[in-house]
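J.: How does the following fold in three dimensions:
(one chain, ligands or ions: 1)
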Amino acid sequence: MATKPSTEKEVKTSKAKSPRATKGSSPEKASEKKTAKGLDSMALIHGQSPYEELVGEDYMGTRQKDHFRNILHAWKKELMEEVDRTLHYMQDESANLPDPVDRASQEEEFSLELRARDRERKLIKKIDETIKRIDEDDYGYCTTCGVEIGIRRLEARPTANLCIDCKTLAEIKEKQLQG
Ligand SMILES: [Zn+2]
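T.: Take a look at the predicted model:
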C-alpha cells in the first residue's frame with residue numbers, strides 16, 4: 001500500500017495536522033513511558049500502586065504473584081480497549097474521499113493504525129503467556145540463568161523473562177549476528 005511519491009509531501013503535512021495520526025500510532029510506547037515515570041514517583045503501574053515489600057517476605061509468594069497478575073490483567077485490558085477504539089475509529093473515519101491526496105493520507109494513517117494493532121495483539125499474547133507463567137509458578141526468574149529478576153525490573157517490564165545481565169548479553173549477541 002505504497003503512497004505515490006508525488007503525494008508524499010502532502011501526506012506528511014496533513015498527517016502532522018491530524019492529532020490522531022501522531023497519537024494513535026504507538027500506544028505501546030506511551031505505556032512504556034508511563035511505566036518508566038512510575039519508578040521515581042508514586043505513579044501507578046497500569047493502575048496498580050508500586051509493590052511494597054514486607055520484611056522477610058518470600059520472593060514470588062502469593063502476594064507478589066497477585067500483584068503482578070493484577071498489573072498484567074490491567075495492562076491487557078488497556079490494550080484491548082485501545083484495539084477496540086482503533087477499530088471503531090477506522091470504521092467511523094473510513095469514507096470514500098474524492099481527493100486522491102486525502103485518500104492517500106487516510107490509507108497511510110490506517111496502515112499505521114493497523115501496524116499498531118498488530119503490535120498490540122502480539123503484546124496481548126505475550127501478556128497471556130506471562131500470566132500463565134505466574135499460574136505455573138514459573139514467573140519472576142530468569143529463564144537463562146535462573147536468578148531472581150526482581151520486583152522493580154518486573155514492574156518496569158512485567159513480561160520480562162530475563163534478568164538484566166542476560167538481557168544485555170542477549171542484545172549484544174543479537175547485534176553481533178546482525179553484523
Ligand atoms: Zn539471567
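J.: for stretch 95-103, which positions count as buried?
T.: Neighbour counts over stretch 95-103 (16 or more other C-beta atoms under 10 Å) mark residue 101 as buried. C-beta here means a position set from N, CA and C on the backbone, and glycine is covered the same way.
J.: now do the same end-to-end measure for it.
T.: End-to-end distance for stretch 95-103, by C-alpha to C-alpha, to the nearest Å: 9 Å.
J.: Please work out the average pLDDT along that stretch.
T.: Across stretch 95-103, pLDDT averages out at 83.
J.: With stretch 111-121 instead?
T.: 91.
J.: Output it as PDB, nothing but the C-alphas.
T.: Output in PDB follows, covering the C-alpha atoms of stretch 111-121 (Å, rounded to 0.1, in the frame of the first residue of the first chain):
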ATOM      1  CA  SER A 111      -1.900   1.400   7.800                       C
ATOM      2  CA  LEU A 112      -0.100   2.900  10.800                       C
ATOM      3  CA  GLU A 113      -3.200   2.100  12.900                       C
ATOM      4  CA  LEU A 114      -3.100  -1.500  11.600                       C
ATOM      5  CA  ARG A 115       0.500  -1.900  12.400                       C
ATOM      6  CA  ALA A 116      -0.100  -0.500  15.900                       C
ATOM      7  CA  ARG A 117      -2.900  -3.000  16.400                       C
ATOM      8  CA  ASP A 118      -0.700  -5.800  15.200                       C
ATOM      9  CA  ARG A 119       1.900  -4.900  17.900                       C
ATOM     10  CA  GLU A 120      -0.900  -4.700  20.500                       C
ATOM     11  CA  ARG A 121      -2.100  -8.100  19.600                       C
END
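J.: Would you map the helices across this structure?
T.: Counting by DSSP state H, the chain has helices at residues 8-17, 19-24, 27-38, 62-93, 100-135, 151-156, 164-178.
J.: For the ion, find the nearest of those helices.
T.: The closest approach between the ion and any of those, judged by C-beta to the ion, belongs to helix 164-178 at 3.2 Å.
J.: Any chance of the helices of the chain in TSV with distance to the ion as columns?
T.: Converted to TSV, the helices of the chain look like this (distance: least, C-beta to the ion, whole Å):
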stretch	distance to the ion
helix 8-17	42
helix 19-24	36
helix 27-38	21
helix 62-93	18
helix 100-135	15
helix 151-156	11
helix 164-178	3
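J.: Turn the ones you listed into TSV, including distance to residue 49.
T.: TSV is the format used below for those (distance: least, C-beta to C-beta, whole Å):
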stretch	distance to residue 49
helix 8-17	38
helix 19-24	27
helix 27-38	9
helix 62-93	9
helix 100-135	18
helix 151-156	10
helix 164-178	23
